[in-house]
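[1] Give me a 3D structure for the following:
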Amino acid sequence: MSDGTQLAAELRPSIGDERVLAAIAAVPREAFVPAELRERAYENVALPIGLGQTISQPLVVARMLDELALAAEDRVLDVGTGSGYHAALLARLARHVWTIERHRALSAQAARSLRAAAVENVTVLVGDGSRGWPEEAPYDAINLAAAAWPQIPTALERQLTEGGRLVAPVGAGGQQLVLVERLPGGALRRTTLEAVRFVPLIEGGEPSR
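    You can find the predicted model right below:
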């Protein structure tokens, strides 16, 4: 089995922010994958975590972190907790992370994994992530780890502070990563990045068990 340091070295050619690579090296990905897949924890691939969900490919996670350009004092909303791995990485780069998941069982497991990895600056929430989490808005950065279609939910863009950044996969069949920036004065600038593949964002309805 490889480790985080080797994984970070593998990703270095594609990642510009050394802080992102340091986070990849430091966070124990094996804490966020099912026990039967831990020997594959440091492979640069997505892995199943149950309920039709995956822990995303490390390269894609690192690229999203790179585009968010996080500062140490940033407040971050993470939509689609999944395994909790993305939240753990965000937590090493920002002051506090609110991570929201609609599957209660996944949220509970992610909370256990975050504790096992000694991550303390993450608040784990259950709810409809497409609505964001207005109670703590606005956020300096928003990470969306599920594919929005036909567009990024307006509720999420509204919760960005001036100067804030949001990264999300957008699309049904062919998905692309999109960076949204709130400019001085409040206008939004959207930049389309590379092709990616994520599970779809589910909007509306009650969170499931």
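[2] Which positions within the lengthiest helix in the chain qualify as buried?
    Among the segments of the chain that qualify as a helix by DSSP state H, the longest is helix 104-116. Using 16 or more other C-beta atoms under 10 Å as the test for burial, helix 104-116 gives 106-107, 109-111, 113-114. C-beta here means a position set from N, CA and C on the backbone, and glycine is covered the same way.
[3] just checking, what packs against the helix or strand that it is followed by?
    Per DSSP states H and E, the first helix or strand lying C-terminal to helix 104-116 is strand 122-126. In terms of contacts (3 or more C-beta pairs under 8 Å, 6 or more residues apart in numbering; DSSP states H and E), strand 122-126 is packed against helix 85-93, strand 96-101, helix 104-116.
[4] And for the chain, the residue most distant from the center?
    Ranked by distance from the centre of the chain (C-alpha atoms, centre = their mean), the top residue is residue 185, with 26.9 Å.
[5] Closest to residue 44 out of the buried residues of helix 104-116?
    residue 113 (19.7 Å; C-beta to C-beta).
[6] now the closest one: how far from residue 107?
    Distance of residue 113 to residue 107, given as C-beta to C-beta, to the nearest Å: 11 Å.
[7] Identify the residues contacting the longest helix of the chain?
    Helix 104-116 is contacted by residues 31-32, 49-51, 53, 81-85, 87-88, 99, 101, 122, 124-126, 207-209 when judged by C-beta atoms under 8 Å, 6 or more residues apart in numbering.
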